[in-house]
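>>> here is my input; please provide its structure:
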Amino acid sequence: MTDPVTCPNCRDPLDVPFEFRGRSVKCATCQTVFTVPAQSLGEPPLARPSRSRPREEFDADRPPRKRSNGVVWFLLAATLLIAGGTSALCAGVTIWMYNPPMQVHKSEEGKFQVEFPDEPVPFSQTSEKGVPVKGVEARREEVGQMRFFVKYYDLPKMPKAIKESDAEAILTDALRAEIAQLAAGTELQREAKTHAGFPCIDVHLEQGNQIMKRGTVVRIILAGSRIYILGAQGQNLIPELWYVQRFFISFQPSDKPKPAKKTDE
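I've put the predicted structure just below:
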């Protein structure tokens, strides 16, 4: 390291090493011998910042500069926003899945009225005895492939009043045919009851393993000479689901119940 010094005789600038401060030197231009001032205009080498030493060592008297956390806060805010949006989306999907808007449907022939958890469409088929069957169904494929349906057909040569035992036999036969068509698995529960004053049978079936269960609930109603079949199927579907119960309870046939003829004891 050198220090700029001016010759007192010829005024030529000289670069004198720092270690020659206070010592005599000879000017290379005019050969004048003079003493280098002990305190030169330059700074001592230890006070000068160098590239090999951190700049902070020479700025100790300055207050520490605060580092900006803007990027950290931005990433945190973005993470919270994404997490909140995802949670809201999941909550919305869950609400939509388990709280479907029920829609009232009236059959075109005026045979019945019922509430579906989606817009139903008509269909037709033939029973195992060759009787024409009409019906409507609503599907929720994106929610466990759920299906809700109502279908009906008329029985030939039915008496105006039938015995309870005869009604049970008719319902059991219709239920057997429907279960065979649905291939719904193992029967878990069966119950004989009435619906809107008409005799009916409910059955709950299930197939699959503990993780992927497919439930089926069927209700067979005998209204005069007409058989109504209500059904709900879907992944993890059980009779206790509120919209499943609403579907069955809301069904109202247009037929008027007639007193059944009791079995002679």
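>>> which is the next helix or strand following the helix or strand bottoming out on mean pLDDT in the chain?
Using mean pLDDT, DSSP states H and E, helix 70-98 stands out as the lowest-scoring helix or strand of the chain, at a mean of 64. Note on helix 70-98: by DSSP states H and E, the next helix or strand toward the C-terminus is strand 103-106.
>>> figure out the helix or strand that Leu14 lives in.
Of the helices and strands defined by DSSP H and E, Leu14 is found in strand 13-17.
>>> that strand: which residues count as buried?
By neighbour count, and taking 16 or more other C-beta atoms under 10 Å as the criterion, the buried residues in strand 13-17 are Leu14, Val16. Just so you know, the C-beta spots here come from the backbone N, C-alpha and C atoms, and that holds for glycine as well.
>>> and the next element down the chain from it?
On the C-terminal side of strand 13-17, the nearest following helix or strand under DSSP H and E is strand 24-26.
>>> measure Lys134 to Gln181 for me?
15 Å (C-beta to C-beta, to the nearest Å).
>>> which one of those two is surrounded by more residues?
Higher neighbour count among Lys134 and Gln181: Lys134, with 17 against 12, using other C-beta atoms under 10 Å.
>>> which helices and strands sit right next to the helix or strand where the more buried one lies?
With elements taken from DSSP H and E, the one containing Lys134 is strand 132-140. If you count contacts as 3 or more C-beta pairs under 8 Å, 6 or more residues apart in numbering; DSSP states H and E, strand 132-140 packs onto strand 121-126, strand 146-154.
>>> nearest to Thr194, out of the ones you listed?
For the helices and strands packed on strand 132-140, distance to Thr194 was read as C-beta to C-beta. The smallest value, 17.4 Å, belongs to strand 146-154.
>>> next structured bit after that closest one?
Scanning the chain past strand 146-154 towards its C-terminal end, the next helix or strand to appear is helix 164-182 (assignment: DSSP H and E).
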